[in-house]
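> using only what follows, build the 3D model:
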Amino acid sequence: MAKKYRFQVTNGVDSAVRVIATLRRKQYAIKEFSMEELEDKSTLLYITLENDLAFLDKAVCHMEKLVDVYDVKEVQVCR
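Below you'll find the model as predicted:
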């Protein structure tokens with residue numbers, strides 16, 4: 001089972017590296033990753049994580065603690 005999340009961050013690639021490194025350090029399995037730059041100089045990161053669903057809710061808590069991540073939303077559940 002996998003879930004796709006959208007993270008809004010402030011520093012583009014620097015933030016993406018920080019988010020991915022944190023997820024890998026916490027042993028979350030990253031299935032897909034993409035970035036989209038917005039007009040207001042922020043960046044949207046779309047990350048699909050593949051783990052136990054209860055375990056994935058903890059990933060959101062870890063990401064919300066990062067300084068440059070200010071919006072985390074679940075986009076979809078993938079089967």
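> show me what contacts residue 64?
residue 72 (CB atoms under 8 Å, 6 or more residues apart in numbering). Quick note: C-beta positions are derived from backbone N, CA and C, even for glycine.
> can you list the strands that the longest strand seen in the chain pairs with?
Secondary structure of the chain per DSSP state E: the longest strand is strand 69-78. The pairing partners recorded for strand 69-78 under DSSP bridges are strand 2-9 (antiparallel).
> next secondary structure element downstream of the partner strand?
helix 12-25 (DSSP states H and E).
> report the angle between the axes of the helix or strand following that next one and strand 2-9?
For helix 12-25, the following helix or strand on the C-terminal side (DSSP H and E) is strand 30-37. Put simply, strand 30-37 runs at 30 degrees to strand 2-9, going by axes from the mean of the first three to the mean of the last three CA atoms, to 10 degrees.
> quick one: residues in contact with strand 30-37.
2, 4, 12-13, 16, 20, 23-24, 43-50.
> what about it, average pLDDT?
Averaging pLDDT along strand 30-37 gives 91.
> centre of the chain to the lowest-mean-pLDDT helix or strand in the chain, how far?
Within the chain, confidence by mean pLDDT, DSSP states H and E is lowest for helix 53-64 among all helices and strands, at a mean of 77. In this view, helix 53-64 has its centroid 10 Å away from the chain centroid, taken as CA atoms, centre = their mean, to the nearest Å.
> end-to-end on stretch 60-71?
In stretch 60-71, first residue to last residue: 10 Å (CA to CA, to the nearest Å).
> now it: buried residues?
62-63, 68-69 (16 or more other CB atoms under 10 Å).
> please compute how far that stretch lies from its chain's middle.
9 Å.
> need the contact list for residue 69.
7-9, 15, 19, 63.
> residue 39 versus that one, what's the distance?
According to CB to CB, to the nearest Å, residue 69 and residue 39 sit 19 Å apart.
> hmm, back to that, in the longest strand of the chain, which residues are buried?
69, 72.
> reduced to three states, what does the residue of the chain positioned farthest from its centre come out as?
Taking CA atoms, centre = their mean, the residue of the chain most remote from its mean C-alpha position is residue 39, at 19.9 Å. Here residue 39 is coil, with the state taken from DSSP: H, G, I helix; E, B strand; the rest coil.
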